Each structure stands twice: as structure tokens, then as C-alpha cells.
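J.: heads up, no residue letters with this:
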């Protein structure tokens, strides 16, 4: 699933190419993905200027003259989605579900598993939308600190890794980035959140920020379907210390990397380095 780094890489790639352009139309080839696509999406968008692209968690927010007569396109890439900029004459392929048509290019959403979303929010206050209002803290924001994390977990008697992946608590830290951050911080994914000290939480926050920033710099992780808006692939997965390395030597201590199941997901960790 595309997580915060992949969505942020998409945002950074699209923004300089599309900001200020007029939307000439929209083509919707399926009535719904995870949610119903507004049937009047094309008529709502045609003629609006794209003023900016923001990110909230794993959602891309396209500002279509929201301060005046327009609103926001809310995009989610789901489990397997990707956004590509293609020439207008490019024929759609299977799973190319939605096009936003600009003057010199088309922004095309491909989503083989149809767990993504394309929604419309009229007006300026996009974060009041129900899908966004319930989201947790942004891990790259000033509000995310070791002190906040320590205070927020005092009554959380759950394992720390699934908690880091809970979007109502913290947004965008998926399986790869939670595993790698815990390894950097030397914290076991099995440890309960309320049994981690303030000093270790401060170290974990630093590790989460560093992991996400390194992933963004590497273009994200292309494990399955994710590609950049220009068709390129991310490469962070190639530098992982523990993720998807079960049975291989830990790069720090040469011990064996292990894997367990937590909340239905594979967790990779080094039992020697992570306590």
C-alpha cells in the first residue's frame, strides 16, 4: 500500500507540473472505487484552476480554486493505486479508472484492486471532510514529539508497532516504515506502548522522522504496483535493515532477522538489537 513517503513523492512530482493549470475535463470509467465517484465530477471540475496539491496522511488534496467557487479533489491510492501524467492521446489500459484532463497532459489514476478513492469536497475547509477529520498526528509535523508520544501512550496496553500503524493515532507510517523505525530506535515491536520510557520515545520520534525522510529522498518504496508520476520506481526497499529480510543477518549485529505476525501483518525485527 502506498504510504506517506509514496504519497508525498507523488505530490512533489505533480505540483510543479500542474499548479496553475486549468482542468479541461474529467473522464470516469468506473462508478466507484472504495467509495462512489461523484457522477457529476466532470461538470464540477471543468474550467477550474489547480491552485495547489497538499497531503494529509495518505490522502492527496487537490486545491481547485477552493478559496473562490471551487473545492477539493480528495485522492487516495488505496492498496495498489498510482498516478501517472501521460500525453492526452495515450489510450487507457485496464484499471485506468479516472482521468483529469489538462491542456498538455492527463493525470491518470490506475488502481487494479479498486481500493482507492476519488471524492469531491466543495468549499475551503477540506479537513472537515469525515475521512480527514478522524486522522491522527502527522509524523513530520511539529506536533509530533517524544513528549507527545510518551503522554499519548500511558494507557495504551498494545504492542507499539500496530499502534504506530493506526491512522487514527499516527498517519502514514505503514508496515515497512514502522519496522525500520523501530529497528533504528532499538525498540522491540513486541513491547507494549505504555512500557516505553520518555527517552526511548524521543529516540523513536527521531527514528521515524529519519526513516520517512530517507524514504522520500529515495522516491518511496516500490514493492508491488507503486510508481512515480513519470513511471519511475522508488528504491527505499533496497536499503531496508530488517523489512522482508527474515532469516538474513542483521546489518548491526549479524544475528538472524526474525518475522512474526501482528494484527494480520508481517513484522520483521532483530531480537538482539531491539528490546
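T.: Thanks, I have the structure now. All values reported here derive from a predicted model rather than from experimental measurement.
J.: sketch out the low-pLDDT regions of this protein for me.
T.: Screening the chain residue by residue with the criterion pLDDT under 70, one finds the ranges 222-234.
J.: mind listing the strands for it?
T.: Using DSSP state E, the strands found in the chain span residues 25-28, 50-56, 59-64, 71-76, 82-86, 96-101, 106-110, 117-122, 258-262, 265-269.
J.: any buried residues in stretch 155-175, and which?
T.: Of the residues in stretch 155-175, those with enough neighbours to count as buried (16 or more other C-beta atoms under 10 Å) are 156, 159-165, 169-175. Glycine gets a C-beta too; all of them are placed from N, C-alpha and C.
J.: what's the burial count for residue 89?
T.: For residue 89, the tally of surrounding residues (other C-beta atoms under 10 Å) stands at 6.
J.: make TSV out of the strands of the chain and add mean neighbour count and distance to residue 209.
T.: Supplementary listing: those in TSV, determined by neighbours: other C-beta atoms under 10 Å; distance: least, C-beta to C-beta, whole Å:
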stretch	mean neighbour count	distance to residue 209
strand 25-28	17	36
strand 50-56	18	16
strand 59-64	23	20
strand 71-76	24	23
strand 82-86	21	25
strand 96-101	22	32
strand 106-110	22	29
strand 117-122	20	27
strand 258-262	14	23
strand 265-269	19	20
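J.: returning to what we had before: from the buried residues of stretch 155-175, which is closest to residue 24?
T.: Relative to residue 24, the closest of the buried residues of stretch 155-175 is residue 172; by C-beta to C-beta it sits at 31.7 Å.
J.: returning to that earlier point: to residue 145, which of the strands of the chain lies closest?
T.: Distances from residue 145 to each of the strands of the chain were compared using C-beta to C-beta; the shortest belongs to strand 50-56, at 19.4 Å.
J.: between the closest one and strand 71-76, how many degrees?
T.: Angle of strand 50-56 versus strand 71-76, following axes from the mean of the first three to the mean of the last three C-alpha atoms, to 10 degrees, is 40 degrees.
J.: on contacts alone, who are the packing partners of strand 50-56?
T.: Helices and strands touching strand 50-56, as assessed by 3 or more C-beta pairs under 8 Å, 6 or more residues apart in numbering; DSSP states H and E, comprise helix 4-18, strand 59-64.
J.: burial measure for residue 48, as a count.
T.: Look at residue 48: counted by other C-beta under 10 Å, it has 20 neighbours.
J.: what does residue 111 give?
T.: Residue 111 sits with 25 neighbouring residues when counted by other C-beta under 10 Å.
J.: quick one: it and residue 97 touch, right?
T.: Yes - using C-beta atoms under 8 Å, residue 111 is in contact with residue 97, at 5.6 Å.
J.: between those two, which contacts overlap?
T.: Counting by C-beta atoms under 8 Å, 6 or more residues apart in numbering, the shared contacts of residue 111 and residue 97 are residue 33.
J.: residues contacting the residue nearest to residue 149 when sequence neighbours are not counted?
T.: Take residue 149 and drop its neighbours on the chain: the residue closest to it by C-beta to C-beta, 6 or more residues apart in numbering is residue 201, 4.6 Å away. With contact set as C-beta under 8 Å, 6+ apart, residue 201 has these partners: 146-147, 149-150, 153.
J.: mind checking which of those residues are buried?
T.: Of the members of the contacts of residue 201, the ones counted as buried by neighbours, 16+ other C-beta under 10 Å, are 146, 149-150, 153.
J.: is it possible to export those to a markdown table including distance to residue 191?
T.: Rendered in a markdown table, the data for the buried ones among the contacts of residue 201 read as follows (distance: C-beta to C-beta, whole Å):
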| residue | distance to residue 191 |
| --- | --- |
| 146 | 15 |
| 149 | 13 |
| 150 | 14 |
| 153 | 11 |
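J.: between the residues you listed, which is nearest residue 215?
T.: Of the buried ones among the contacts of residue 201, the one sitting nearest to residue 215 (C-beta to C-beta) turns out to be residue 149, at 19.6 Å.
J.: just to revisit the earlier point, and which of the contacts of residue 201 is nearest residue 23?
T.: Ranking those by separation from residue 23, with C-beta to C-beta as the measure, puts residue 149 on top at 40.1 Å.
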